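Undergrad: Model the following, please.
(chains A and B)
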Amino acid sequence: MHIPDGFIAPQFYLPAYLLASGAWVWAARGIRRTLDEETIPRLAVITALAYAIGLVMLPLPGGTSGHLLGIGILAMLFGVRLAFLAYSLVLLLQAMLLGAGGITALPVNALAVGLVGASAMALCVRWRSTRNPLPAIAVGAFLAVVLPALLIALVLGVQPIIAQQDDGSPLFFPFRPEIVVPAIMLPHLLIGIAEAVLTLAVWRYACDRGWLH
Amino acid sequence: MSNKARFLLLLLMSYAPLVQSHGIEMSIDQAEASIITLRYHNNQPFANVAYELFVAKSKSAYQSGRTDAQGRVVFVPGSIRKWRIRVFSEDGHGTDTHLEVDADSISRFSGGETVSPTAYLVLGVGILLSGFGLLLLTVKRGKP
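TA: Here you go, the predicted structure:
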C-alpha cells in the first residue's frame, strides 16, 4: 500500500492533506503527557520495526508480492494517536528515502493505514475478552490491514472517474474499482493473516513484560 | 450498357482508391532502440503491466502497451531526449517518472538511485531511533 506520486488527482489529495493535517494536530495534542522514558524506547523500536517490515516484500500466490504494516502492533501498544503519528513518520521516511509511496499520496496512506487501521485495532483491543483476548487481537490486526486496503483500493478506483482528459482518458490512475478492488484485496487478505500472526507474537511478548494494562 | 449501369460502374470505380486505403503496408527497418527496465526493489521484474510513454510535456501518449515478461519497455527515441513514463499495475503499484535518453542511447532516470535500498533501510531505522532518542531527552521521568 505505497501509492506513488502521479496516481492521485490534486482534487483528491489536497483535501486529503487538509483532513490529515487536522488529524495530525488532534493526534499531537497532549502527546507529552502520554510519553515518558519507558514509552519512548518501545515506541522507537516498534516504529523502526514498522518501517523495516514495510520494506520487506513477501512473495504471494499469483506472482505478486506484499508487505506487512505493523500498524496493528503500534495501535495495540500505544493507542490510536501515537500509532497514527508514528506510522505517518514511517510513511514519510519510506517516501523520502526509498520512493516507496509518494508525497502526494502521503495523506491518503496516513489516513487509511495510520488512522483507520489503528482505530480498527484499538476498538478490537478495547472490546477484547479478558478471559481469551487472542481472537480480538487477531481480528483487530487483520482488520487493520484489510480496511485500509479497501479504502486505498476505492481511492485509486475513483481516480479515472474524477480526473479525465478532454477525450475521456484518465489523467491519473487508470483502473476502475471493479478491477482495482479485487486486485488489492485478495493479496491483502493473506497479508492480514500474516499481520495477525505477527501481532499475536508481539502481544504475547508484551504481556510477558507487563507492557499492556 | 444502359446509362444507369454506366453510372453504377463509374461510382464503383470512384471508390477504388478508398478501398486501397484499407490495405496495410509493412516495412522492416533497423534503428537504435532504448530499453526501460522496471523492477521491484527486490529485483523482481515489473512484468506485464500497463505503461504509457510520453514525449516530455506532451499530453498524448507516444507509445502505450504492457511491459514484457522481463519488465521492459522498448522504444525508439530518435532525436527526442526527454521522456516521461507512467506505469500502473492493477494493484496500485507503479511509477510516474521523467527520464532522459543520452546521445549514446543509454537511458538514465532523472531521479536515478546511487545508494542501495538496504542502505536506505538502515538509514531510516537510524533516523527513527536517533529522533526518538532526542525526544527522550525532553520528556518527564517515568513512574518510580
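Undergrad: From now on I want contacts and neighbour counts done on CA atoms only, so please keep to that.
TA: Will do.
Undergrad: Pick out the residue nearest the middle of chain B.
TA: When chain B is reduced to its mean C-alpha position, the nearest residue by C-alpha atoms, centre = their mean turns out to be B:I85, at 3.3 Å.
Undergrad: Just the element for A:L150, please.
TA: A:L150 is part of helix A:134-162, with elements assigned from DSSP states H and E.
Undergrad: Show me what the top helix by length along chain A is packed up against.
TA: When chain A is parsed with DSSP state H, its longest helix is helix A:177-208. If contacts are counted by 3 or more C-alpha pairs under 8 Å, 6 or more residues apart in numbering or on different chains; DSSP states H and E, helix A:177-208 sits against strand A:65-66, helix A:71-98, helix A:134-162.
Undergrad: Least confident of these, on average?
TA: Comparing the helices and strands packed on helix A:177-208 by mean pLDDT, the weakest confidence falls on strand A:65-66, with a mean of 77.
Undergrad: And chain B, is that one touching that?
TA: No - using C-alpha under 8 Å from any C-alpha of the partner chain, strand A:65-66 never reaches chain B; the gap is at least 9.4 Å.
Undergrad: Let me see the backbone angles for whichever residue of chain B sits closest to chain A.
TA: Of all residues in chain B, B:D91 sits closest to chain A, at 4.8 Å by C-alpha to the nearest C-alpha. Backbone torsions of B:D91, given as degrees, to the nearest 10, read phi -90, psi 20.
Undergrad: pretty sure it contacts A:A183?
TA: Yes - with contacts counted by C-alpha atoms under 8 Å, B:D91 reaches A:A183, the gap being 4.9 Å.
Undergrad: of those two, who's got more company?
TA: The residue with more neighbours, out of B:D91 and A:A183 and counting by other C-alpha atoms under 10 Å in any protein chain shown, is B:D91; that gives 21 against 17.
Undergrad: residues in contact with the more buried one?
TA: If a contact means C-alpha atoms under 8 Å, 6 or more residues apart in numbering or on different chains, then B:D91 has A:A153, A:V180, A:V181, A:A183, A:I184 as its contacts.
Undergrad: Swap in 6 Å and give it another go.
TA: Contact partners of B:D91, counting by C-alpha atoms under 6 Å, 6 or more residues apart in numbering or on different chains, are A:V180, A:A183, A:I184.
Undergrad: Could you report the distance from the second one to A:S65?
TA: Noted for A:A183: a distance of 12 Å to A:S65, by C-alpha to C-alpha, to the nearest Å.
Undergrad: returning to that earlier point: now the longest helix of chain A against helix A:134-162, angle please.
TA: Between the axis of helix A:177-208 and that of helix A:134-162 there is an angle of 150 degrees, by axes from the mean of the first three to the mean of the last three C-alpha atoms, to 10 degrees.
Undergrad: Report the buried residues of helix A:177-208.
TA: The neighbour-count check on helix A:177-208 (16 or more other C-alpha atoms under 10 Å in any protein chain shown) flags A:177, A:180-181, A:183-185, A:187-200, A:202-203 as buried.
Undergrad: which residues does B:T97 bridge with?
TA: Counting by DSSP bridges, B:T97 is bridged to B:I85.
Undergrad: my read: it touches B:I85, true?
TA: Yes - judged on C-alpha atoms under 6 Å, B:T97 makes contact with B:I85 at a distance of 5.5 Å.
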